[in-house]
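Peer 1: Build the 3D model from these lines:
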Amino acid sequence: MVVTQVHSSPLASGCQTTPRKLFLAQRPLCLVGASTDAAVHSLVDSAQFASRLRLNIYNLKREGGFVLDRLRARLNRYLLSIGYALSKAGLSPTSWTFVGLLFSLAAGVAFWSSGYRGELEGGLLILVSGFFDIVDGAVARATDSVSKRGAFLDSTLDRVAEVFIYSGILLGRYTSPILVLLALSLSLMVSYARAKADSLGVSLSGVGIGERSERLLALSLLSILGFAGFGVLVVVLLALVTFLQRLSKASGALR
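Peer 2: So this is what the prediction gives:
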């Protein structure tokens, strides 16, 4: 049997000798180098490649997290300042939750009644609704009025908001009704999986590639560009993968 020797990529091997502080700064590049190294070795041993590729994907998710979660963490201080400013309006966090819900309803109406122009209007209104979805929590933290009642209303009305949005897209006939039904159903299942797991003591916060904020952001941006139907398809794929990820995580944690 002939044994082929494959050298590691310079990027991956260089990371092994990099000082710790510099290594932490270059971590994403090191992971890419490790993935490249794994791909080369796959020519010799496909099982080893699969194992190393899974490890590198896990490390990227663990170290980097998801884009919107990282952005939220960095902007938390600024969101708190916004919360302080808006709290002076005299509205409670729950009132801001209902404001966001009204914009979601407006987005659904725009999709339904405005024809192709509704994609632009609906997409923009989804973004506005998402902003107020952040504001209610910021106001609650700024005024030290975080409560279980508020959390329950916020989570429940988020689901109602999704029903408004997808109903508008369905009535506007931007894509197949079956696809819209799948997008809404899978989105609700993602939320249900987290709620049920939380009630059983398993946290699924941050688990999955497409949480609600990521899905709605994708839908709104594609709608603004005039591709609401394609946005629904993206939501279906993100929600399906996220649901399977949460199902796997919860099943493994529960006995």
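Peer 1: Quick one: neighbours of the closest residue to I134 other than its chain neighbours, just the number.
Peer 2: Nearest non-adjacent residue to I134, counting by C-beta to C-beta, 6 or more residues apart in numbering: L79, 6.3 Å away. Every residue, glycine included, has its C-beta placed from N, CA and C. The number of residues packed near L79 is 18, by other C-beta atoms under 10 Å.
Peer 1: helix, strand or coil for F230?
Peer 2: Secondary structure for F230, judged by DSSP: H, G, I helix; E, B strand; the rest coil, is helix.
Peer 1: where does the nearest residue to A253 once chain neighbours are set aside land on pLDDT?
Peer 2: Nearest-residue entry for A253: V202, 4.6 Å, with adjacent residues in sequence omitted and distances by C-beta to C-beta, 6+ apart. In this model, V202 is scored at 92, pLDDT.
Peer 1: Please tell me I have it right and V202 contacts A250.
Peer 2: Yes. The pair V202 / A250 is scored as a contact, 5.3 Å apart, by C-beta atoms under 8 Å.
Peer 1: tell me, what's touching these two both at once?
Peer 2: Common neighbours of V202 and A250, using C-beta atoms under 8 Å, 6 or more residues apart in numbering, do not exist here.
Peer 1: G226: neighbouring residues, count only.
Peer 2: 15.
Peer 1: Tell me the backbone dihedrals of it, please.
Peer 2: Main-chain torsions, G226, degrees, to the nearest 10: phi 90, psi 20.
Peer 1: Check what pLDDT it gets.
Peer 2: In this model, G226 is scored at 92, pLDDT.
Peer 1: Please name the residues that touch it.
Peer 2: Residues in contact with G226 (C-beta under 8 Å, 6+ apart) are Y116, E119, L120.
Peer 1: Of those, which is the nearest to L238?
Peer 2: Of all the contacts of G226, E119 has the smallest distance to L238: 19.0 Å, by C-beta to C-beta.
Peer 1: State the distance from the closest one to M189.
Peer 2: For E119, the distance to M189 equals 26 Å [C-beta to C-beta, to the nearest Å].
Peer 1: So between the two, which is more surrounded?
Peer 2: Neighbours were counted for E119 and for M189 using other C-beta under 10 Å; E119 has more, 25 against 16.
Peer 1: State the next helix or strand along the chain beyond whichever strand or helix holds that one.
Peer 2: Per DSSP states H and E: E119 is located in helix 117-142. Moving toward the C-terminus from helix 117-142, the next helix or strand (DSSP H and E) is helix 148-172.
Peer 1: buried stuff in that following helix?
Peer 2: 150, 153-154, 157-158, 161-162, 164-172 (16 or more other C-beta atoms under 10 Å).
Peer 1: before we move on, what about stretch 235-251?
Peer 2: For stretch 235-251, the neighbour count (16+ other C-beta under 10 Å) marks 235-240, 242-243, 245-247, 249-250 as buried.
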